[in-house]
Each structure stands twice: as structure tokens, then as C-alpha cells.
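Undergrad: I'll drop the sequence and a predicted model, then ask my questions.
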Amino acid sequence: MDRTRAVIRKIIWAIFTILFVIVLNFFLFRVLPGDPARAGVRDPRLRKEAIEALQVRFGLDKPVINCFETLNPIKVGSCAVNPMETQFFIYVRNLFQGEMGISYHTNRPVVDILGERLWNTVLLIGVGQILSIVFGVVFGIFAAWKARTAIDFAAVTTSLMAWSLPTFWLAILLLFWGSTVGLPVAGKATPGMSSMPLLQQWGDIARHMFLPTLTYTIIYMGEYTLIMRSSLMDVLSEDYILTAKAKGLNAVQILRDHALKNAMLPLVTVIAINLGFTVAGAIQIEAVFSWPGLGSAVVDAVVRRDFPVLQGAFVLIAVTVILANLLADLTYTYLDPRVQVE
């Protein structure tokens, strides 16, 4: 019962955090200087009538939160604006209906733009995360089990080098290397591949994914290796591990039944947090390799001052981070029953 209440409390706090992020995200783009109607067009020849038409098109003619904060000031005392027709309530209502506004640059729904890019990012970081976790855990286990040996020294040195490399620098090096060996260095697929058989299309996507996925895997594999090694070494020094050895259990039984479950706790936290932040952290990789994902959409929106796309992307990234942290808390409760909320 205590565990159930703790889980419910964590879920409620996550919901409140998401609501706070939604409110903050709305006002963050309303305090920026300049006229939002001009931001997406940036044409100094725009006439007043055209600007007013853009304000109406994107709902910027309505008050922000009350009738005294409209772009077209109205006389105090003559306010008859319905609070539900202000920009804030329209934004919240549309957001809960799955709408994030219209892009200033393309005039397309933001949901469609981010939806297309999100799946490309999920594909890229999903494969990269799986590979980095598998290799990081395996190398961390070997390093901890062979502590203070040549294997441990090589694993720690390689992991530190990989973890300390700037992401964009490693991506540029791999891009240069890939161009010399004939690997695709930009985009998601070769033009014209959509007419080819499905198997060839997936093979072409896999070739384009190789370099950005390799960059992602190298960077995070080093982090996971170091954390797994440190955590497992702490667990292997516990008294119950010595007792297991005294009982005659072999190395595989000790690792599988006694050490790994406890050693995974710190790694679970880092993995869950990375799952959230790497949606934003993939920006550098996607920019270098021109991968059409969420990161490149954010870069394009910043250059074009496309505020609706930025606003939608920030909400998506923030919600991903919050849900990832919630997943880490719930996983902790499953892995370690001693974890309780006071």
C-alpha cells in the first residue's frame, strides 16, 4: 500500500510539473522583443494591413491573458473580452486537443512538422541508446570484474576519452572519415529510393544512419561504462558478495543473482535522464549529418524565428524529460523495494 501511494504521488507531481512547463512555455515566447507577426516573414515592406492579417491568421490579435494586454490596445473600461478567448486559454485548449499552432514559415500545423521529425529522432537515438547501453554495461562489467588489470585500464582510458570528446567534433571527424570510405554523410535516404523495394529502402536508411548512430553510441557508451564499473565495484565490495563466494558460487552466478540488480540502480537513473535530454542533445549530431529529425527542426526554427515550432518543440522535449524521470523513479521502486517516499 505504501508503494502504491508513493507511485501515485510521483505521477501527480509529474502532472503538475508538466502543467507548470506548459504555462512557462507560453509566456516565455510572449516576453521576447519584437512583433511575432513580423518574426516569421521578416519583410520590411509589409504594410499595416498585411501585418494585421497575419495577427488574425495566427491569433495574435487577441489579448494574451486579459483584455489590457492585446497587441491592438483597447480603451480601459470597454473590455468585453471573454477570458476563454484570450491567447493563453486558446493555447492551453488547443494543446490538450493535440494542436500546437501554425508554423510562421511553412503555414503547416506544428504537430505535423514535429511529428514527421520526431520519429526520425526516435529512430536515431533509439538505436544509439540500445547499442551504447549494451556495450557500456558489458565493458563496465568486464572492467569491474577485472579491476586493476590491463583490461580495466584499457576500458577506463577508452571510456574517459569517448566521454570527454565534444559531440560535434567527433561527428565532424566521423563525417570526414565516412566520406573517404564511401558512406552516406547527409540526409536520411538517397533520392529516388522511395520507388525501390522495402528491403532496399531500409538498407539505404541503415547506411545513412551508420555515422550519426556511431557518434551517438561512442559518446554515451563511455559514460555508461564508467558508471557501471564504479557501481559494480562498490557492490562487489559488500559483505554479501563475500558470503556468496564463500558458498562456492561461480562468477556468473554472483553477477547475475547478487550484484547486477543492485549495481544497475545508478545506471537506470542516468539512462532515464539521457532518454529525455538526448532528444535535445541530438541537435548537434543531426545538424552535422543533416539528419531530418527534431534537432534540425529546432535549428531551422531558430534561424527563421519560427516561434510556434520552437514552442511546440520545447513542450515536447520538456514532457519527454519529465516522463523519463518518472520512469526512472518507478523503475527504482521495482528494482529496489527499499526505495520509499517519506
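TA: On my side now, so go ahead. Predicted model only: the values in this text are computed from it and were never measured.
Undergrad: going by C-alpha atoms from here, please, whenever you check contacts or count neighbours.
TA: Fine.
Undergrad: and the chain, what are its domains?
TA: With domains defined by automatic domain parsing, the chain comprises 2-96, 110-335.
Undergrad: do you know which of these lies nearest S103?
TA: domain 110-335 (5.7 Å; Cα to Cα).
Undergrad: run a quick neighbour tally on L28.
TA: 11 (other Cα atoms under 10 Å).
Undergrad: so in this structure, where's the weakest helix or strand by average pLDDT?
TA: helix 36-39 (a mean of 57; mean pLDDT, DSSP states H and E).
Undergrad: related to what we said a few turns ago, okay, the domains of the chain, which one's buried deepest?
TA: Of all the domains of the chain, domain 110-335 carries the top mean neighbour count, a mean of 18, counting by mean count of other Cα atoms under 10 Å.
Undergrad: show the pLDDT at the nearest residue to K245 once chain neighbours are set aside.
TA: Leaving aside its sequence neighbours, K245 sits nearest to I254 (Cα to Cα, 6 or more residues apart in numbering; 7.5 Å). pLDDT, the model's per-residue confidence, is 78 for I254.
Undergrad: do the one 10 residues further on as well
TA: At M264, the model reports a pLDDT of 79.
Undergrad: just to revisit the earlier point, what's whatever helix or strand the residue nearest to K245 lives in packed up against?
TA: Using DSSP states H and E, I254 falls within helix 251-254. With contacts defined as 3 or more Cα pairs under 8 Å, 6 or more residues apart in numbering; DSSP states H and E, the packing partners of helix 251-254 are helix 239-246.
Undergrad: CA atoms only: put the helix it packs on into PDB for me.
TA: Presented in PDB, the C-alpha positions along helix 239-246 are these (Å, rounded to 0.1, in the frame of the first residue of the first chain):
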ATOM      1  CA  ASP A 239      29.800  -8.500   2.600                       C
ATOM      2  CA  TYR A 240      27.000 -10.500   0.900                       C
ATOM      3  CA  ILE A 241      29.200 -10.900  -2.200                       C
ATOM      4  CA  LEU A 242      32.000 -12.300   0.000                       C
ATOM      5  CA  THR A 243      29.400 -14.700   1.500                       C
ATOM      6  CA  ALA A 244      28.300 -15.800  -2.000                       C
ATOM      7  CA  LYS A 245      31.900 -16.500  -2.900                       C
ATOM      8  CA  ALA A 246      32.400 -18.500   0.300                       C
END
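Undergrad: name the residues that touch it?
TA: 235-236, 254, 258-259 (Cα atoms under 8 Å, 6 or more residues apart in numbering).
Undergrad: redo these as TSV? Include secondary structure and distance to T4.
TA: Below are the contacts of helix 239-246 laid out as TSV (DSSP: H, G, I helix; E, B strand; the rest coil; distance: Cα to Cα, whole Å):
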residue	secondary structure	distance to T4
V235	helix	28
L236	helix	31
I254	helix	31
H258	helix	26
A259	helix	27
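Undergrad: of all those residues, which two lie farthest apart?
TA: V235 and I254 (10.8 Å).
Undergrad: which residues does V185 contact?
TA: V185 makes contacts with 175, 178-179, 208, 211, 289, as judged by Cα under 8 Å, 6+ apart.
Undergrad: can you spell out which helices and strands pack onto the helix or strand following the helix holding I254?
TA: Where DSSP H and E defines the elements, the next helix or strand beyond helix 251-254 is helix 260-281. When contacts are defined as 3+ Cα pairs under 8 Å, 6+ apart, helix 260-281 packs onto helix 110-145, helix 198-236, helix 294-304, helix 307-335.
Undergrad: I'd like these as CSV, with mean pLDDT appended.
TA: What follows is those, written out as CSV (pLDDT from 0 to 100):
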stretch, mean pLDDT
helix 110-145, 86
helix 198-236, 86
helix 294-304, 80
helix 307-335, 80
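Undergrad: do you know which of those lies nearest T158?
TA: That would be helix 198-236 among the helices and strands packed on helix 260-281, by Cα to Cα, at 7.3 Å.
Undergrad: can you check what angle separates the closest one from helix 110-145?
TA: 50 degrees (axes from the mean of the first three to the mean of the last three Cα atoms, to 10 degrees).
Undergrad: enumerate every residue touching the closest residue to F139 other than its chain neighbours.
TA: On the basis of Cα to Cα, 6+ apart, the spatially nearest residue to F139 that is not a chain neighbour turns out to be T225, at 5.8 Å. Shown in contact with T225 (Cα under 8 Å, 6+ apart): 135-140, 155-156, 159.
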